[in-house]
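Asker: What follows is a predicted protein model with its sequence.
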Amino acid sequence: MRVAMDTTPLLGGHSRRGIGTYTRELVAALEKESIEVTRITKRRSISKGEFDLIHYPYFDLFAPTLHLHRSIPGVITIHDLIPLQFPEHYKPGIRGKLAHLRQKRSLQKIAHVITDSEFSKGQLLQYLGFPEEKISVVPLAGNPAVTPQDTTTVAKISRRLKLPKMYVLYVGDINYNKNIPQLIKMLKFLPDSIALVCVGKNFTPQPIPEWEAIERQIALSNVANRVHFYTDVGPDETDVLSVLYSEALCLVQPSLSEGFGLPVLEAMQCGTPVVSTRLGSLPEVGGALAFFATETAESLAEQVLLIHALTQDHRIRLAAESIAWSKTFTWQKTAVATIAAYQRAIS
């Protein structure tokens, strides 16, 4: 099987986000399988019959990103349709609406769709009416390089970052569905000794409603001295990410919806407890080991306090179980399931 993989997400801002991680790790895993994978970008011309199929590993609802080849079947990965779930918070404008119509028309010609979770499959059926027989659910995996670090590395990086002595961790974006204001408000219901560390390039002042909501909540909750933003940790700095995860009291994933939730797995890879909502795909990723809460600050804080009260023996046992659970998600499994989707597309 000759597969062209569109690696355009690795060229721009997406390279530092989940789409970049997905593209990078999937291609690396596919290249170890018994298929021929060629990396292309949307600028590359393709001859008729050059490939058996083309895989587009990303989909933008409100931009004309999908350019299908006339004679080569296309497979696309749609990670989620969260903007359609919360339309009042993701307003595309006139150009975006026109692009959305074009994208929907292009999807009608796609041979197969891959999505990350059963939740996202449900969104495809609900919002796009895509035929169920043309959808494959293929779970992702965390960055395999995110693992517990030795004490020397932990001490060195902790000093460099000036990490708080005790903190809860959030890794990700500030989009509406991430529910960051409630994450910040959560600090009001936790001891003053517990800080919040937020990792992501968008935790910086900018004239958008999401950042304004963050600043407003910090002021209302009077927790400015307990919130720490780390905006320059790249996805390739896996030693830094590993230390951030490993040294945290827990990861908190307060999302109103998620297509998958890679930080949940990466925290578990480091043996770090996870507090999560039950919304979107998060129960599929967190399994029986996450501490589930509602999306409110009070409920999130309640679960953090339960983790804070764990005995050392319980934490050690939970860490071992979390690492074992995270190992059930691998990019090799993702690659094998993706190839199965390819076969469905061209059969």
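Answerer: Arrived safely.
Asker: Dump the helix or strand bottoming out on mean pLDDT in the chain to CSV, keeping only the CA atoms.
Answerer: The weakest-scoring helix or strand in the chain, judged by mean pLDDT, DSSP states H and E, is helix 18-30 (a mean of 90). Coordinates of each C-alpha in helix 18-30 appear next as CSV, following Å, rounded to 0.1, in the frame of the first residue of the first chain:
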residue,chain,number,x,y,z
GLY,A,18,-2.1,18.2,19.5
ILE,A,19,-2.5,18.0,15.7
GLY,A,20,1.2,18.4,15.4
THR,A,21,1.9,15.6,17.9
TYR,A,22,-0.6,13.4,16.2
THR,A,23,0.9,13.9,12.8
ARG,A,24,4.5,13.5,14.0
GLU,A,25,3.9,10.4,16.1
LEU,A,26,1.6,8.7,13.6
VAL,A,27,3.9,9.1,10.6
ALA,A,28,6.8,7.7,12.7
ALA,A,29,4.8,4.7,13.7
LEU,A,30,3.4,4.1,10.2
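Asker: Helix or strand next in line after that helix, which one?
Answerer: Later in the chain than helix 18-30, the nearest helix or strand by DSSP states H and E is strand 36-40.
Asker: Would you mark the buried spots in that following strand?
Answerer: Buried residues in strand 36-40, counted by 16 or more other CB atoms under 10 Å: Val37, Ile40. C-beta: built from backbone N, CA, C; applies to glycine.
Asker: what are the pairing partners of it, and which direction each?
Answerer: Applying DSSP bridges, strand 36-40 is found paired with strand 2-6 (parallel).
Asker: Relative to the whole chain's centre, how far out is the strand it pairs with?
Answerer: Centroid separation for strand 2-6 versus its chain: 23 Å, with CA atoms, centre = their mean, to the nearest Å.
Asker: In the chain, where is pLDDT below threshold?
Answerer: By pLDDT under 70, the low-scoring segments of the chain are 12-17.
Asker: Could you list every helix and strand in contact with the helix or strand where Val252 lies?
Answerer: Element membership for Val252 (DSSP H and E) is strand 250-253. With contacts taken as 3 or more CB pairs under 8 Å, 6 or more residues apart in numbering; DSSP states H and E, strand 250-253 sits against strand 167-171, helix 262-269, strand 274-277, helix 297-308.
Asker: Can I take it that Lys185 is in a helix?
Answerer: Yes - counting by DSSP: H, G, I helix; E, B strand; the rest coil, Lys185 is found in a helix.
Asker: thinking it is in contact with Gln217, fair?
Answerer: Yes - the pair Lys185 and Gln217 qualifies as a contact (CB atoms under 8 Å) at a distance of 5.7 Å.
Asker: now the strands: where do they sit in this structure?
Answerer: 2-6, 36-40, 53-56, 74-77, 112-115, 135-137, 167-171, 195-199, 227-230, 250-253, 274-277, 291-293 (DSSP state E).
Asker: possible to save the ones you listed as a markdown table with distance to Leu306?
Answerer: As requested, those are exported to a markdown table (distance: least, CB to CB, whole Å):
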| stretch | distance to Leu306 |
| --- | --- |
| strand 2-6 | 43 |
| strand 36-40 | 45 |
| strand 53-56 | 42 |
| strand 74-77 | 36 |
| strand 112-115 | 33 |
| strand 135-137 | 31 |
| strand 167-171 | 12 |
| strand 195-199 | 17 |
| strand 227-230 | 22 |
| strand 250-253 | 10 |
| strand 274-277 | 9 |
| strand 291-293 | 6 |
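Asker: Could you work out which of those reaches nearest to Phe86?
Answerer: Closest approach to Phe86 among the strands of the chain (CB to CB): strand 274-277, 14.5 Å.
Asker: export the closest one as PDB, just CAs?
Answerer: This file holds the C-alpha atoms of strand 274-277, laid out as PDB (Å, rounded to 0.1, in the frame of the first residue of the first chain):
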ATOM      1  CA  VAL A 274      -5.500  13.000  37.200                       C
ATOM      2  CA  VAL A 275      -8.600  15.100  38.000                       C
ATOM      3  CA  SER A 276     -11.000  15.200  35.100                       C
ATOM      4  CA  THR A 277     -14.500  16.000  34.100                       C
END
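Asker: which helices and strands sit right next to that strand?
Answerer: strand 250-253, helix 262-269, helix 282-286, strand 291-293, helix 297-308.
Asker: rewinding a little: who touches the strand holding Val252?
Answerer: Under the criterion CB atoms under 8 Å, 6 or more residues apart in numbering, residues 168-172, 183, 186, 245, 261, 263-264, 267, 272-277, 282, 286, 291, 300, 304, 307 lie in contact with strand 250-253.
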